[in-house]
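Undergrad: Prediction below, plus the sequence it came from.
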Amino acid sequence: MAPNARVPAPEPVTADPARAVPGTLLTQSWLDLTFLHWAADPADVAPLLPPRTRPDVLGGVTYVGLVAFRMHRVGWFRLPGVPYLGTFPETNVRLYSVDEHGRRGVVFRSLEAARLVPVAMARLGFRLPYVWARMAIDRQGDTLTYTSRRRWPGPRGAHSRISVRIGGPIGEPTELEHFLTARWGMHSAFLGRPVYLPNTHPRWPLHRAELVGCSEDLVAAAGLPEPVGAPVSVLYSPGVPVRFGGPLRPPGAPAS
(Lines give C-alpha, C1' and ligand atoms only; values in the text may rest on other atoms or scores of the structure.)
Protein backbone atom coordinates (compact mmCIF):
# COMPACT_ATOMS: atom_id res chain seq x y z
CA MET A 1 0.00 0.00 0.00
CA ALA A 2 1.31 3.45 -0.90
CA PRO A 3 2.48 5.55 2.06
CA ASN A 4 -0.34 8.09 1.69
CA ALA A 5 -3.08 5.60 0.79
CA ARG A 6 -6.14 5.59 3.01
CA VAL A 7 -6.35 2.55 5.29
CA PRO A 8 -9.81 0.96 4.99
CA ALA A 9 -11.89 0.78 8.15
CA PRO A 10 -12.23 -2.73 9.60
CA GLU A 11 -15.16 -4.71 8.26
CA PRO A 12 -18.14 -4.96 10.64
CA VAL A 13 -18.11 -7.59 13.39
CA THR A 14 -20.80 -10.07 12.34
CA ALA A 15 -22.21 -13.07 14.22
CA ASP A 16 -22.62 -14.91 10.91
CA PRO A 17 -19.88 -15.51 8.30
CA ALA A 18 -18.55 -12.27 6.87
CA ARG A 19 -17.99 -13.60 3.35
CA ALA A 20 -18.51 -16.61 1.10
CA VAL A 21 -15.72 -19.17 1.34
CA PRO A 22 -15.06 -20.71 -2.07
CA GLY A 23 -13.74 -24.25 -2.19
CA THR A 24 -12.76 -26.42 0.74
CA LEU A 25 -9.22 -26.82 2.00
CA LEU A 26 -9.95 -28.31 5.43
CA THR A 27 -12.95 -29.51 7.40
CA GLN A 28 -13.09 -30.08 11.15
CA SER A 29 -15.24 -29.56 14.22
CA TRP A 30 -14.31 -27.55 17.30
CA LEU A 31 -16.00 -29.05 20.36
CA ASP A 32 -16.27 -28.22 24.08
CA LEU A 33 -14.52 -24.86 23.79
CA THR A 34 -13.57 -22.57 26.64
CA PHE A 35 -12.57 -19.00 25.76
CA LEU A 36 -10.53 -17.00 28.28
CA HIS A 37 -9.61 -13.41 27.41
CA TRP A 38 -7.52 -10.69 28.97
CA ALA A 39 -7.31 -7.06 27.83
CA ALA A 40 -3.98 -6.12 26.27
CA ASP A 41 -2.14 -3.00 25.16
CA PRO A 42 -2.08 -2.82 21.33
CA ALA A 43 1.56 -1.69 21.57
CA ASP A 44 2.48 -5.05 23.16
CA VAL A 45 0.64 -6.99 20.46
CA ALA A 46 1.64 -5.11 17.30
CA PRO A 47 5.23 -6.46 17.03
CA LEU A 48 3.92 -10.05 17.15
CA LEU A 49 1.58 -9.79 14.16
CA PRO A 50 2.29 -10.78 10.54
CA PRO A 51 3.25 -8.16 7.94
CA ARG A 52 0.52 -5.74 6.85
CA THR A 53 -1.70 -6.41 9.85
CA ARG A 54 -2.34 -4.40 12.99
CA PRO A 55 -4.05 -5.12 16.32
CA ASP A 56 -7.82 -5.20 16.09
CA VAL A 57 -9.25 -3.05 18.88
CA LEU A 58 -12.57 -2.43 20.55
CA GLY A 59 -12.75 0.82 22.45
CA GLY A 60 -8.99 1.25 22.05
CA VAL A 61 -8.23 -2.12 23.65
CA THR A 62 -7.16 -5.41 22.09
CA TYR A 63 -7.24 -8.86 23.68
CA VAL A 64 -5.19 -12.00 24.25
CA GLY A 65 -7.15 -15.23 24.08
CA LEU A 66 -6.40 -18.61 25.64
CA VAL A 67 -8.77 -21.08 23.99
CA ALA A 68 -9.00 -24.77 24.96
CA PHE A 69 -11.11 -27.29 23.08
CA ARG A 70 -11.33 -30.66 21.36
CA MET A 71 -10.45 -30.80 17.68
CA HIS A 72 -12.65 -33.43 16.00
CA ARG A 73 -12.09 -35.28 12.72
CA VAL A 74 -9.87 -32.97 10.69
CA GLY A 75 -10.28 -33.74 7.00
CA TRP A 76 -8.66 -32.53 3.76
CA PHE A 77 -10.78 -31.05 0.98
CA ARG A 78 -14.14 -32.84 1.09
CA LEU A 79 -12.77 -36.17 2.24
CA PRO A 80 -14.16 -37.69 5.47
CA GLY A 81 -12.47 -36.46 8.64
CA VAL A 82 -9.80 -38.64 10.21
CA PRO A 83 -11.03 -40.26 13.46
CA TYR A 84 -7.73 -40.75 15.37
CA LEU A 85 -5.00 -38.51 13.97
CA GLY A 86 -7.61 -35.84 13.28
CA THR A 87 -9.14 -35.85 16.76
CA PHE A 88 -7.24 -34.44 19.75
CA PRO A 89 -7.26 -31.78 22.48
CA GLU A 90 -5.89 -28.38 21.52
CA THR A 91 -5.13 -25.15 23.37
CA ASN A 92 -4.11 -22.00 21.56
CA VAL A 93 -2.90 -18.51 22.40
CA ARG A 94 -4.37 -16.07 19.92
CA LEU A 95 -4.41 -12.37 19.11
CA TYR A 96 -6.90 -10.22 17.21
CA SER A 97 -5.89 -8.64 13.93
CA VAL A 98 -7.09 -6.57 11.00
CA ASP A 99 -5.24 -6.29 7.70
CA GLU A 100 -4.68 -3.43 5.27
CA HIS A 101 -7.87 -4.44 3.43
CA GLY A 102 -10.02 -4.21 6.57
CA ARG A 103 -10.42 -7.97 7.02
CA ARG A 104 -10.61 -9.04 10.65
CA GLY A 105 -9.03 -12.26 11.83
CA VAL A 106 -6.98 -14.03 14.46
CA VAL A 107 -3.25 -14.61 14.72
CA PHE A 108 -2.07 -17.72 16.52
CA ARG A 109 1.02 -17.33 18.68
CA SER A 110 1.00 -20.99 19.74
CA LEU A 111 -1.20 -24.05 19.28
CA GLU A 112 -0.70 -26.96 21.68
CA ALA A 113 -1.94 -30.27 20.22
CA ALA A 114 -1.81 -33.86 21.44
CA ARG A 115 -0.97 -35.58 18.11
CA LEU A 116 2.58 -35.38 16.77
CA VAL A 117 1.77 -36.09 13.10
CA PRO A 118 -0.73 -33.20 12.70
CA VAL A 119 1.71 -30.92 14.57
CA ALA A 120 4.53 -31.78 12.15
CA MET A 121 2.26 -31.36 9.10
CA ALA A 122 0.95 -27.97 10.26
CA ARG A 123 4.45 -26.69 11.03
CA LEU A 124 5.94 -27.86 7.73
CA GLY A 125 2.97 -27.31 5.41
CA PHE A 126 1.42 -24.14 6.82
CA ARG A 127 4.24 -22.67 8.96
CA LEU A 128 1.82 -22.55 11.89
CA PRO A 129 3.29 -22.52 15.43
CA TYR A 130 1.86 -25.88 16.47
CA VAL A 131 3.59 -27.68 19.33
CA TRP A 132 3.27 -31.23 20.61
CA ALA A 133 1.95 -31.54 24.14
CA ARG A 134 0.65 -34.08 26.63
CA MET A 135 -3.01 -33.10 26.99
CA ALA A 136 -6.32 -34.23 28.47
CA ILE A 137 -9.91 -33.00 28.80
CA ASP A 138 -11.95 -34.22 31.74
CA ARG A 139 -15.64 -33.57 32.34
CA GLN A 140 -17.34 -34.02 35.68
CA GLY A 141 -20.96 -32.92 35.46
CA ASP A 142 -20.96 -29.29 34.37
CA THR A 143 -17.25 -28.78 35.09
CA LEU A 144 -14.60 -29.14 32.39
CA THR A 145 -10.86 -29.35 33.05
CA TYR A 146 -8.26 -29.00 30.31
CA THR A 147 -4.62 -29.87 31.02
CA SER A 148 -1.58 -29.47 28.79
CA ARG A 149 2.18 -29.81 29.20
CA ARG A 150 4.45 -29.07 26.23
CA ARG A 151 6.75 -31.75 24.81
CA TRP A 152 8.26 -30.35 21.59
CA PRO A 153 9.50 -27.84 20.58
CA GLY A 154 10.29 -25.75 23.64
CA PRO A 155 10.05 -24.23 26.02
CA ARG A 156 9.55 -27.80 27.17
CA GLY A 157 7.18 -27.99 30.13
CA ALA A 158 5.15 -24.88 29.28
CA HIS A 159 1.75 -25.76 30.64
CA SER A 160 -1.86 -24.87 31.29
CA ARG A 161 -4.60 -26.18 33.56
CA ILE A 162 -8.02 -24.60 33.07
CA SER A 163 -11.21 -25.55 34.91
CA VAL A 164 -14.59 -23.97 34.16
CA ARG A 165 -18.15 -24.52 35.29
CA ILE A 166 -20.60 -24.29 32.38
CA GLY A 167 -23.54 -21.94 32.83
CA GLY A 168 -26.66 -21.18 30.86
CA PRO A 169 -26.87 -20.24 27.18
CA ILE A 170 -26.43 -16.63 26.09
CA GLY A 171 -29.40 -15.42 24.08
CA GLU A 172 -27.89 -12.13 22.90
CA PRO A 173 -24.08 -11.95 23.09
CA THR A 174 -22.59 -8.56 23.83
CA GLU A 175 -20.52 -6.58 21.35
CA LEU A 176 -17.36 -7.78 23.11
CA GLU A 177 -18.48 -11.42 23.04
CA HIS A 178 -19.06 -11.23 19.29
CA PHE A 179 -15.73 -9.43 18.82
CA LEU A 180 -13.85 -12.22 20.61
CA THR A 181 -15.56 -15.22 18.99
CA ALA A 182 -17.00 -14.26 15.58
CA ARG A 183 -13.76 -14.42 13.60
CA TRP A 184 -13.98 -15.43 9.96
CA GLY A 185 -10.35 -15.75 8.99
CA MET A 186 -6.77 -16.30 10.10
CA HIS A 187 -3.85 -13.99 9.36
CA SER A 188 -0.47 -15.63 8.97
CA ALA A 189 2.68 -15.39 6.88
CA PHE A 190 4.14 -17.89 4.43
CA LEU A 191 7.66 -17.39 3.08
CA GLY A 192 7.55 -13.82 4.32
CA ARG A 193 4.27 -12.97 2.57
CA PRO A 194 0.98 -12.24 4.37
CA VAL A 195 -1.73 -14.88 4.06
CA TYR A 196 -5.44 -14.69 4.89
CA LEU A 197 -7.18 -18.06 5.32
CA PRO A 198 -10.99 -17.73 5.54
CA ASN A 199 -13.32 -19.99 7.49
CA THR A 200 -17.06 -20.46 7.80
CA HIS A 201 -19.29 -22.14 10.38
CA PRO A 202 -22.72 -21.74 11.99
CA ARG A 203 -23.26 -18.96 14.50
CA TRP A 204 -21.56 -19.74 17.83
CA PRO A 205 -23.83 -21.24 20.51
CA LEU A 206 -22.32 -19.47 23.55
CA HIS A 207 -22.78 -20.13 27.27
CA ARG A 208 -21.81 -18.24 30.37
CA ALA A 209 -18.98 -19.94 32.25
CA GLU A 210 -17.37 -19.56 35.66
CA LEU A 211 -13.61 -19.90 35.92
CA VAL A 212 -12.93 -22.43 38.68
CA GLY A 213 -9.14 -22.38 38.28
CA CYS A 214 -6.42 -21.36 35.84
CA SER A 215 -2.70 -22.03 36.05
CA GLU A 216 -0.73 -21.37 32.87
CA ASP A 217 2.43 -19.95 31.37
CA LEU A 218 1.51 -20.38 27.69
CA VAL A 219 0.76 -16.69 27.23
CA ALA A 220 4.20 -15.67 28.46
CA ALA A 221 5.82 -18.46 26.41
CA ALA A 222 4.11 -16.93 23.35
CA GLY A 223 6.05 -13.69 23.85
CA LEU A 224 3.31 -11.68 25.58
CA PRO A 225 3.23 -10.06 29.01
CA GLU A 226 1.94 -12.44 31.66
CA PRO A 227 -1.80 -11.83 32.23
CA VAL A 228 -2.62 -9.87 35.37
CA GLY A 229 -5.75 -10.72 37.32
CA ALA A 230 -8.81 -12.67 36.25
CA PRO A 231 -9.88 -12.85 32.60
CA VAL A 232 -12.30 -10.13 31.52
CA SER A 233 -14.34 -12.71 29.60
CA VAL A 234 -14.99 -16.42 30.23
CA LEU A 235 -17.20 -18.23 27.71
CA TYR A 236 -18.06 -21.81 26.78
CA SER A 237 -19.45 -23.31 23.58
CA PRO A 238 -20.46 -26.90 22.81
CA GLY A 239 -18.92 -26.27 19.40
CA VAL A 240 -19.45 -25.91 15.67
CA PRO A 241 -18.48 -27.69 12.41
CA VAL A 242 -15.94 -25.61 10.48
CA ARG A 243 -14.80 -25.34 6.88
CA PHE A 244 -11.62 -23.54 5.75
CA GLY A 245 -11.20 -22.31 2.20
CA GLY A 246 -7.94 -21.66 0.42
CA PRO A 247 -6.03 -18.39 0.93
CA LEU A 248 -7.98 -15.37 -0.30
CA ARG A 249 -6.48 -12.77 -2.62
CA PRO A 250 -6.80 -9.18 -1.47
CA PRO A 251 -10.01 -7.46 -2.64
CA GLY A 252 -9.57 -6.22 -6.20
CA ALA A 253 -6.46 -8.31 -6.88
CA PRO A 254 -6.23 -9.94 -10.32
CA ALA A 255 -7.00 -13.65 -10.56
CA SER A 256 -3.54 -14.42 -11.91
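TA: Looks like it came in fine. Numbers count the residues shown, from 1 in each chain.

Undergrad: buried sites along stretch 66-84?
TA: 66-75, 81-82 (16 or more other CB atoms under 10 Å). For every residue, glycine as well, the C-beta is placed using N, CA and C.

Undergrad: what phi and what psi does the backbone show at W184?
TA: As for W184, its main-chain torsions (degrees, to the nearest 10) stand at phi -110, psi 30.

Undergrad: Can you report how many residues lie near it?
TA: 20 (other CB atoms under 10 Å).

Undergrad: how about it, what does it touch?
TA: By CB atoms under 8 Å, 6 or more residues apart in numbering, W184 lies in contact with 14, 17-19, 104-105, 198-200.

Undergrad: If any of the residues you listed are buried, give me the PyMOL selection for them.
TA: To isolate the buried members of these in PyMOL, using 16+ other CB under 10 Å:
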select buried, resi 17+18+104+105+198+199+200
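
Undergrad: Now render the contacts of W184 as TSV, adding secondary structure and pLDDT.
TA: Formatted as TSV, the contacts of W184 follow (DSSP: H, G, I helix; E, B strand; the rest coil; pLDDT from 0 to 100):
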residue	secondary structure	pLDDT
T14	coil	95
P17	coil	96
A18	coil	92
R19	coil	92
R104	strand	97
G105	strand	97
P198	strand	96
N199	strand	97
T200	strand	97
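
Undergrad: Of the contacts of W184, just say which sits nearest to P51.
TA: G105 (13.6 Å; CB to CB).

Undergrad: Distance of the closest one relative to D16?
TA: Computed as CB to CB, to the nearest Å, the G105 to D16 distance reads 16 Å.

Undergrad: Over to T91?
TA: The span separating T91 from D16 equals 26 Å under the rule CB to CB.

Undergrad: ok, the two, which is more surrounded?
TA: Applying other CB under 10 Å to T91 and D16 shows that T91 carries more neighbours, namely 26 against 11.

Undergrad: Please point out which parts of stretch 142-154 sit buried.
TA: Under the neighbour-count criterion of 16+ other CB under 10 Å, stretch 142-154 has 144-148, 150-151 buried.

Undergrad: residue nearest the centroid of the protein?
TA: R94 (5.2 Å; CA atoms, centre = their mean).

Undergrad: who does the nearest residue in space to D142 that is not next to it in sequence bridge with?
TA: Nearest residue to D142 in three dimensions, chain neighbours excluded: I166, at 4.7 Å (CB to CB, 6 or more residues apart in numbering). With DSSP bridges applied, I166 shows beta-bridge pairing to A209.

Undergrad: So for I166, what's the pLDDT?
TA: For I166, the model assigns a pLDDT of 98.

Undergrad: Please list all residues in contact with it.
TA: By CB under 8 Å, 6+ apart, I166 lies in contact with 142-144, 207, 209, 236.

Undergrad: do the same with V242
TA: Contacts for V242 (CB under 8 Å, 6+ apart) come out as 27-30, 199-201.

Undergrad: ok, the buried residues of stretch 142-154 vs R115, which is closest?
TA: Minimum separation from R115 among the buried residues of stretch 142-154 (CB to CB) is found for R151, which lies at 11.3 Å.

Undergrad: List phi and psi for that closest one.
TA: According to degrees, to the nearest 10, R151 has phi -110, psi -50.

Undergrad: so it makes contact with Y130?
TA: No - counting by CB atoms under 8 Å, R151 stays clear of Y130, with 11.8 Å between them.

Undergrad: just for the stretch 101-250 of the chain, where's the confidence low?
TA: Along the stretch 101-250 of the chain, segments meeting pLDDT under 70 span 250.

Undergrad: Swap in 50 and give it another go.
TA: Within the stretch 101-250 of the chain, no range satisfies pLDDT under 50.

Undergrad: Which parts of it are helices?
TA: Secondary structure of the stretch 101-250 of the chain (DSSP state H, counting those that start in this stretch): helices at 116-126, 175-181, 218-221.

Undergrad: list the helices and strands the last one packs on?
TA: The reference is to helix 218-221. strand 62-76, strand 88-99, strand 104-113 (3 or more CB pairs under 8 Å, 6 or more residues apart in numbering; DSSP states H and E).
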